[in-house]
Every structure is written in C-alpha cells, then in structure tokens.
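# The sequence isn't on hand, but the structure is:
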DNA sequence: AAACATGGTTCCATTATTCGGAACAAATCC
DNA sequence: GGATTTGTTCCGAATAATGGAACCATGTTT
C-alpha cells in the first residue's frame, strides 16, 4: 500500500499525515497500531516531530496532535503557492455581486485543491474550507482546468482520475469526458450537472495565463432546488470577467524584492 | 543562531522554513546561499521534499516553492488543534453585530497565533491575518491570555517575550506588564493602547476553560482615527458574552468517534 | 567560435544516524 | 499484590545521510 517513502523525512511526513488523518488528538498506542513502525522507531520519530513543533504533545492526556508550526508554514504556502492573495479582492467583489457560493481552486496532481471560498452571507477566513481537495473529472472547476491543459499534461491528469460514479451523471471514463472538454475549451465555460453530488450544480471558468495554461478556476455553486443550469449560465459573463481580471493581475505580478524576510525569528527583534 | 536541529528531519523542516521565509519561489542557488549546507546535501534534501510534495519545483524557471501538501496538512491542523471550528459561528455573529475587525487567537509558545479573523466592513490594513504570529506582551489578545496563566506557565511565557519597544507605549520589561496583567485578571478585559502599532488599538477578552486556563482570546481591533478606547470598552460585554459562549461549547465538546479517517487516499474511491 | 563562467546534477567511499529487538519503567486494571 | 497494558531507554548492527569533487548544461565574455 505505502511504497517508496524516501528516507527518514518521508517516514516523518507519512506519520504527520497519519496523525492528521485521525482528526483528533491521538495516543501513542493508536498511532503504533496504525503506522507499521517498530515501537522504538515510532517513539523517536514522534519525539523529533514534537521537538520540531510539527506535532504537539499534550502531557496531560498523553496525546499527539498536529502542531502550530504547520499553521505557520501553511500561511506562507497559501500566500505564495496560490493565486489566492491576488484573487481575494476579486472574489469578494464577485461574491458580493452575485450572492452565491464562490470557489477558487487550482489543479494539484490531477485533483482539485480548493484555495478560497466565499459563501453568500459571511466572509470566510482562510483555512476554513480552503485546503480541501476534490476530484477533477466531475467538478466544474476541475473540468474547466482540464480543458485547458496541453496534451501531455492532460494525459497525465486523466490517468490520475478515479472515475468513481458519484452520481448517474458522472463521467466514468476518459472517453466521454474528452468530448466534453473539447466543448468547454471552445466555450470557455464548464458546468457540473450534478456529477459529483446530487442536486449540486455549478458553473466554472478557468483562469488562464498568457500562454493559455490554467492557473486555477473560479466557480459558482448552487443547488437544483434553488437554481437551474440556465440561471447559472447567466452568471458566466461576470465569472469570466472576474477570471480575466485575476489573470491580468497575475500576469502583471512579479514577486517583489529579493530580500530575505525570515519567517519566525523565535523572538522578534 | 540555529540550534539543536535534531536529525535529518530537523534539517528538512528548517529548510522548509527557509523557503517559506522568502515568500516567493526561490532558485537553488539562493537557497544554497541562505542555508549553510553543502551543495550536494541541499540538493538531495530538496529532492526529497519535492518528492514528498512539501515543496513544488517549477521546471520552467527552476524555482522551489512551498508545496500543496502543506495546505492540506494545515487544513487538518487548523481544524483539530484550535478552537476555530467551534468558534466560527460565534465569530460570524459577533462580526455581524459590531462590524469591526475581530480576531481569534491562541497562545503558542509564548507568542500569539492568529487563528481566525473577520474583517471590518471598511477594513483597516494591518499586520495580522489568520496563520500569522505576533508578540504576546504588546497585544490585546496576548495580554488577555497571559493574565490567566498559572504562575509557572506565566514565567515561562514572560521569558519568551522579546520586549522590543514597537511604540512608546510598549511594555519593555516584565515588571510593568505584570502589574497590568493583575488588573486584566480582575476585570477580565485587556486593552492594547497602541502598544504594537501606532494608532492601532483593541479590546480583548480571554476564552477560559473550566479550570480558568486560557484556551484562546477574542479581540476587536480598530484605529484611533475611528474609535476611542472608550468606544471599544463599550464592546467588551458582547465580546465577553461571545467568549463565554465559545467556552461553553468547547467544554461540551468531546472528540467524536474513534474511527480512522485517512486523510488523502490518492484516488478517492 | 572557442574559452569561461555560473548554476545545477551525479558519484561514491566515509561517517554518522537511524533502526529495532529486547530489557526496563510506569501507570492501570484485575 | 500481581498481571497487563502503555510508554521509555539501550545499544550493536544496518542503513541512510554526508559532502568533496567531478561532471554536465546553460548562458557569457572576448
């Protein structure tokens, strides 16, 4: 099942995922059962991770949980590896204008990684929903991005899909999806017709760089109980406009100054 | 400067911080200059990190950036190591009610880790965003939490402060701060009187567990250009009420089911 | 165009870390 | 009180990390 985990670092990170997977503080014994490492090895690894603040050890009830260093790192990751910071203001505006759930996502190894989100009512803080991952082959954002990949990248991505039939409308193989992608590429708009979850529909548009490659995608999601596909289609222009604005900004953007800004100086001087 | 980095894992993580610190994609040579590792060693370490998706390598311009695995992990960390998920609805309500910038923070090794945030209707630009860290000795949330630490924990935390005089109003040693903390403990409310940034003021209240220990803190921040301390003081009751509600919920909460839920199954079935 | 940087990658013998079985200690349960 | 579960420490053997140096690929200088 688990394969060529490289080195100690690999094991340590696998362990992190392991702990993350429990979704709650865990005791040593539980981890021991889950991971297949010898007791002593696991023990040392955990110690290292705790000492590095990637895990937090609760002396009181002897449990391990994810550490705060992760949150710090993630903040940095979110800021630099994604176009979320750039897109933020645009998302706000779009959300304000149309009052429906808006997603910003990027493609990550064949899967959709949600990077930011706005709900109708309340503004959303970063990690609340950002960070979730979903399938590409049956979501609006996913298809919007797949449609603009070049041939080799697309093949690679298609090979990474699971083709699980979430609903009757789900594409279950590359064949039918390819055909739809051609259309999406033409029109510039992708729809999710209850392909991932029943009653959930969405419109999505890609955010493209100068070369036409997808940087990410934007979508508006709703439910068949409240809107028809036609309703959503009507929103496509504003979506496209927003996407274009984000793309423009991303193109204009060059990373500022080359000077170092150390992340956590222990004590800040 | 750098201390007892344990093992390979330690080095790898230090490297992550290093990359994070640049705040933008970095080239090999830059990292080489920054970190003091031999070329070959650095190279291998980077490869490992990339292969583990903790870093992302851009083939096009030969740069390294933080990887998406971090975002995924962080999502989990945010959910389980903090009271953010519990507090979310309460923050929304509070933010809605008072329309000013609201922060939720926890204490992390003597520093303030911001965990969630709601913007004012007309946001003021300022340092602090979810995921960021800040000093405890000169912020409202920091002082609110310090005030409710028990003696040994307080000593430890005080020893971790940097006492940098950000503004004329900043406490520059434990002495004066201790006195203020006593008062805060009494009143249950802490103020930041432009101690961290000029013109930035705030009211904060702690979120306490049954034993009276601080789980986190809530604050409302504004600027002297828009509000007086008295204005903020008037908000203290709603803040306290919200804090109490969060505390109540946190107390009632026990981590649900013991069953495993693996975090990222590669392909999702 | 040849010579030279500069930035990045690979080799491989040496060395230091990690490994993990098993003994030990501590808290829990009969 | 003794037995069991749970967590921690030891230490020789095994392995993985190390880093100097050679190498390769670009882009630069004369």
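Arrived safely. Computed from a predicted structure; not experimentally measured. Numbering: from 1, shown residues only, chains lettered A, B, ... in the order given.
# After the one helix or strand residue A:47 maps to, which helix or strand is next?
Counting by DSSP states H and E, the element that carries residue A:47 is helix A:39-51. From helix A:39-51 onward toward the C-terminus, using DSSP H and E, the following helix or strand is strand A:55-58.
# Can you tell me the strand partners of that following strand and which way each runs?
Sheet pairing of strand A:55-58 (DSSP bridges) gives strand A:63-66 (antiparallel).
# who's in contact with the strand it pairs with?
Applying C-beta atoms under 8 Å, 6 or more residues apart in numbering or on different chains, the contact partners of strand A:63-66 are A:16, A:19-20, A:24-28, A:31, A:46, A:50, A:54-58, B:73, B:76-77, B:80-81. Every residue, glycine included, has its C-beta placed from N, CA and C.
# Before we move on, what's the pLDDT of residue A:30?
On pLDDT, residue A:30 comes in at 88.
# Could you do residue A:257 as well?
If you check residue A:257, the pLDDT there is 37.
# Please apply the same query to residue A:68.
82.
# same check, this time on residue A:26
Looking at residue A:26, its pLDDT is 87.
# what do you get for residue A:49?
pLDDT for residue A:49: 90.
# Check residue A:153 too.
The model reports residue A:153 with a pLDDT of 88.
# Can you classify it as helix, strand or coil?
Secondary structure, DSSP: H, G, I helix; E, B strand; the rest coil: residue A:153 is helix.
# For chain B, see how far away it is.
12 Å (C-beta to the nearest C-beta, to the nearest Å).
# Spatially nearest residue to residue A:6 (excluding sequence neighbours)?
In space, and not counting its chain neighbours, residue A:6 is closest to residue B:48: 5.3 Å by C-beta to C-beta, 6 or more residues apart in numbering or on different chains.
# neighbours of that neighbour, just the number please.
The local packing of residue B:48 (other C-beta atoms under 10 Å in any protein chain shown) involves 21 other residues.
# That one contacts residue A:12, doesn't it?
No - if you go by C-beta atoms under 8 Å, residue B:48 and residue A:12 don't touch, sitting 10.5 Å apart.
# which residues are common contacts for the two?
If you check residue B:48 and residue A:12 against C-beta under 8 Å, 6+ apart, the residues they both contact are residue B:12.
# Tell me the residue of chain A that sits nearest DNA strand D?
residue A:7 (2.4 Å; C-beta to the nearest atom of the strand).
# quick one: the helix holding residue A:47 to chain centroid distance?
Mean-position distance between helix A:39-51 and its chain equals 30 Å (C-alpha atoms, centre = their mean, to the nearest Å).
# tell me which residues in that helix are buried?
Buried residues in helix A:39-51, counted by 16 or more other C-beta atoms under 10 Å in any protein chain shown: A:42, A:44-46, A:48-49, A:51.
# got TSV for those residues, with distance to residue A:36 too?
Below are the buried residues of helix A:39-51 laid out as TSV (distance: C-beta to C-beta, whole Å):
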residue	distance to residue A:36
A:42	9
A:44	16
A:45	13
A:46	15
A:48	18
A:49	17
A:51	23
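# between these, which is closest to residue A:233?
Set against residue A:233, the nearest of those by C-beta to C-beta is residue A:49 (49.1 Å).
# Quick check: closest non-adjacent residue to that closest one.
Distances taken as C-beta to C-beta, 6+ apart place residue A:55 nearest to residue A:49, at 4.3 Å, with adjacent residues excluded.
# Any idea how many residues pack against residue A:109?
16.
# How confident was the prediction at it?
pLDDT at residue A:109 comes out at 82.
# Same question for the one 4 residues further on.
If you check residue A:113, the pLDDT there is 87.
# Tell me the bridge partners for it.
residue A:106, residue A:133.
# for residue A:222, same thing?
Applying DSSP bridges, one finds that residue A:222 bridges with residue A:201.
# for residue A:85, what are its contacts?
Counted by C-beta under 8 Å, 6+ apart, residue A:85 has contacts A:78-79.
# Swap in 6 Å and give it another go.
By C-beta atoms under 6 Å, 6 or more residues apart in numbering or on different chains, the residues touching residue A:85 are residue A:79.
# From residue A:17, how far out is it?
Distance of residue A:85 to residue A:17, computed by C-beta to C-beta, to the nearest Å: 26 Å.
# what do you get for residue A:148?
30 Å.
# Those two: which has the busier surroundings?
residue A:148 (22 against 16).
# Could you look up the SS state of that one?
coil.
# Next up, the contacts around it.
By C-beta under 6 Å, 6+ apart, the contact list for residue A:148 reads A:206, A:214.
# Can you tell me how far it is from DNA strand C?
In this view, residue A:148 and DNA strand C are 27 Å apart by C-beta to the nearest atom of the strand, to the nearest Å.
# Could you pull up phi and psi at that residue?
When read as degrees, to the nearest 10, the backbone of residue A:148 gives phi -110, psi 20.
# ok, back up a step: contacting residues around the residue of chain A closest to DNA strand D?
residue B:48.
# give me that answer again for 10 Å
For residue A:7, the contacting residues are A:13, B:8-9, B:12, B:44-45, B:47-48, B:51-52, by C-beta atoms under 10 Å, 6 or more residues apart in numbering or on different chains.
# what are the phi and psi angles of it?
According to degrees, to the nearest 10, residue A:7 has phi 60, psi -170.
# With residue A:173 instead?
According to degrees, to the nearest 10, residue A:173 has phi -160, psi 170.
# Which residue comes closest to it once chain neighbours are left out?
residue A:163 (5.9 Å).
# from what I can see that neighbour touches residue A:170, true?
Yes - between residue A:163 and residue A:170 there is a contact at 8.0 Å, judged by C-beta atoms under 10 Å.
# Please identify which of those two sits among more neighbours.
residue A:170 (18 against 15).
# Pull the contacting residues for that one.
Residue A:170 neighbours (C-beta under 10 Å, 6+ apart): A:135, A:137-138, A:163-164, A:176-177, A:193-196.
# is it fair to say residue A:167 lies in a helix?
No - according to three-state DSSP, residue A:167 belongs to no helix; its state is coil.
# how close does it sit to residue A:108?
In terms of C-beta to C-beta, residue A:167 sits 23 Å off from residue A:108.
# Pick out whichever of those two has more residues nearby.
Taking neighbours as other C-beta under 10 Å, residue A:167 and residue A:108 compare with residue A:108 leading, 21 against 14.
# need the contact list for that one.
Residue A:108 makes contacts with A:81-82, A:114-115, A:133, A:136, B:53, B:56, B:67-69, B:71-72, as judged by C-beta under 10 Å, 6+ apart.
# for residue A:240, same thing?
With C-beta under 10 Å, 6+ apart, residue A:240 has these contacts: A:188-189, A:203, A:205-207, A:218.
# Can you tell me which of these is closest to chain B?
residue A:207 (16.7 Å; C-beta to the nearest C-beta).
# tell me the contacts of the closest one?
Contacts for residue A:207 were tallied using C-beta under 10 Å, 6+ apart; they are A:83, A:86-87, A:90, A:104-106, A:141, A:144-145, A:148, A:214-218, A:240, A:242-248, A:250.
# Let's see that with 8 Å instead.
Applying C-beta under 8 Å, 6+ apart, the residues near residue A:207 are A:83, A:87, A:214-218, A:243, A:246-247, A:250.
# quick one, helices of the stretch 1-150 of chain A?
A:7-22, A:28-34, A:39-51, A:68-81, A:84-98, A:126-129, A:140-146 (DSSP state H, counting those that start in this stretch).
# chain center to the longest one, what's the gap?
Mean-position distance between helix A:7-22 and its chain equals 20 Å (C-alpha atoms, centre = their mean).
# can you check the last one too?
The gap between where helix A:140-146 is centred and where its chain is centred comes out at 13 Å by C-alpha atoms, centre = their mean.
# what about residue A:168, how many neighbours?
Residues near residue A:168, counting by other C-beta under 10 Å, number 8.
# next one: residue A:61
By other C-beta under 10 Å, neighbour count at residue A:61 equals 7.
# And the pLDDT at it?
Reading off the model, residue A:61 has pLDDT 79.
# Apart from its neighbours in sequence, what residue is nearest it?
Nearest to residue A:61 is residue A:25, by C-beta to C-beta, 6+ apart, at 7.3 Å.
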